[in-house]
Structures are given as structure tokens and as C-alpha cells.
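1. my questions concern the predicted model and sequence given below.
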Amino acid sequence: MANLHVIDHPLIQHKLSIIRDQNTGPKEFRELLEEVSMLMAYEVTRNLPVEEIEVETPVATAQCRTMNTKIAVVPILRAGLGMVGGILKLIPTAKVGHIGVYRDPESLQPVEYYCKLPVDITDRELILLDPMLATGGSAVAGIQFLKQRGASQIRLVCLIAAPEGIKNVQDRHPDVDIYVAAVDECLNSHGYIIPGLGDAGDRLFGTK
């Protein structure tokens with residue numbers, strides 16, 4: 001069963017409360033989403049392997065540890081784009097892929113339309129990004145995209161999740177760890193998370 005990690009750091013929870021507020025405009029929404037993503041990345045990468053190296057300081061030789069894991073961040077378009085900048089601030093050497101999945105408004109099922117990934121995807125630790133884990137359909141499809149191209153080390157990072165989405169990912173991809181800042185109550189009849197924050201893509205880009 002995939003592990004669920006709820007990152008409840010006070011700074012994250014404070015910023016999340018502002019993100020949820022319907023009066024928060026696109027500019028502030030974008031800035032806060034980037035900040036929260038950066039804070040979450042600290043915990044998402046906590047257990048990555050390190051190796052011992054020697055570093056010459058101005059006064060002596062120091063035994064240090066360095067992270068040599070190759071990483072790629074892969075946002076699910078379009079809302080996932082808002083999470084990329086914050087993670088790249090912490091991991092500027094990471095490569096970036098893109099997966100295009102949209103949810104059919106009638107069936108609520110994911111429809112795939114785009115996938116562009118680094119050529120060395122099989123050698124990288126992948127961080128799949130999507131602010132909202134609602135039904136889980138887009139995340140499940142995105143993970144399947146990655147696995148079909150040889151990826152095996154995948155972490156799913158979302159801002160808010162519904163129990164239904166968590167279960168869907170755990171059932172379909174039990175080897176993928178899930179990192180969220182909050183688990184909300186449920187989904188409504190339209191597949192939106194309650195209480196959630198509305199449509200993350202629309203709020204991010206000011207399209208509604």
C-alpha cells in the first residue's frame with residue numbers, strides 16, 4: 001500500500017488557509033502555491049540517499065554528505081505548473097517534464113493529450129505534481145504515463161487531497177508514495193474537493 005504523508009508544518013498550514021480563501025487573487029495564489037510547494041519539497045526529498053565526500057574548508061578537511069540523486073519534476077498540466085518554480089528553487093538541477101491530462105466534465109474520467117519527458121527518465125527520481133487529488137483519475141493516468149516510459153521511482157505531491165483520490169491512487173499504484181498538505185472531507189457530485197479551494201487551474205491563471 002502506498003504511504004500517505006501529510007505535511008502539517010505550521011508555515012504550510014498558514015499559507016494553505018490563505019490559498020483556500022476565495023478572496024485571494026491569482027497573483028497571491030500563484031506566489032503562495034510556489035512557496036508551499038517549496039516547503040513541501042523539503043519533506044518530499046527527506047529520505048533521498050546521500051554519499052560521503054571530503055571538502056577542503058579554509059582551515060581543514062571536512063567529511064560531508066552530498067545528494068547525487070537525479071531528479072525530475074513532472075507537473076500535470078495545467079495546474080501542476082504552479083508548483084514547479086518552488087521545487088526548482090530548492091533543486092535547480094532537476095529536469096522538468098510535462099504531462100497533459102484533463103478530466104471529462106461528464107464522465108469525470110481522465111483524457112490524455114500530451115506527454116514530454118526527459119530522455120533519461122528511467123535514471124531519475126520523479127516528483128509528479130498536481131495541486132488537487134480529487135477523484136485521483138488524473139494522478140493515476142499520470143503515474144501510468146511515467147511507468148509506461150520506464151520510470152520506477154515516483155512520488156506524487158499534491159496540495160489538497162480527498163479520501164476518494166487517495167484510495168484510487170493507493171489501489172492502482174500501491175508503490176507510489178503520496179505527499180499532501182491536507183486531506184479534506186470528500187468530493188461533491190461534480191468531483192470537486194470539499195471544502196477544497198475551487199478549481200486550482202482557474203485560480204492560478206485567473207481564467208474564472
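-> Now that the structure is in, tell me what you want to look at. Bear in mind that the values here come from a model prediction, so they are computed numbers and not experimental data. Residues are numbered from 1 along each chain as shown.
2. give me the contacts around whichever strand or helix holds G165.
-> Per DSSP states H and E, G165 falls inside helix 163-172. Contacts with helix 163-172, where a contact means Cβ atoms under 8 Å, 6 or more residues apart in numbering, come from 1-2, 4, 133-137, 139-140, 143-144, 156, 176, 178, 180, 183, 185-187, 193. The way it works is simple: take the backbone N, C-alpha and C, and place the C-beta from them, glycine included.
3. would you mind checking those for buried ones?
-> 2, 4, 133-137, 139-140, 143, 156, 176, 178, 180, 183, 187, 193 (16 or more other Cβ atoms under 10 Å).
4. residue boundaries of the helices in this structure?
-> 10-20, 26-44, 81-90, 137-148, 163-172, 200-205 (DSSP state H).
5. okay, angle between the first one and helix 26-44 too, please.
-> Going back to what we said before, that points to helix 10-20. Here helix 10-20 runs at an angle of 150 degrees relative to helix 26-44 (axes from the mean of the first three to the mean of the last three Cα atoms, to 10 degrees).
6. what's in contact with helix 10-20?
-> Against helix 10-20 from outside (Cβ under 8 Å, 6+ apart): 24, 28-29, 32-33, 35-36, 39-40, 159-160, 181-182, 195-197.
7. by neighbours, which of these wins?
-> When neighbours are counted by other Cβ atoms under 10 Å, L159 leads the contacts of helix 10-20 with 30 neighbours.
8. residue contacts, the residue lying closest to that one once chain neighbours are set aside?
-> Once flanking residues are discounted, L159 sits nearest to P131: 4.2 Å by Cβ to Cβ, 6 or more residues apart in numbering. P131 sits next to L33, A79, G80, G82, M83, C158, L159, I160, A200, L204 when contact means Cβ under 8 Å, 6+ apart.
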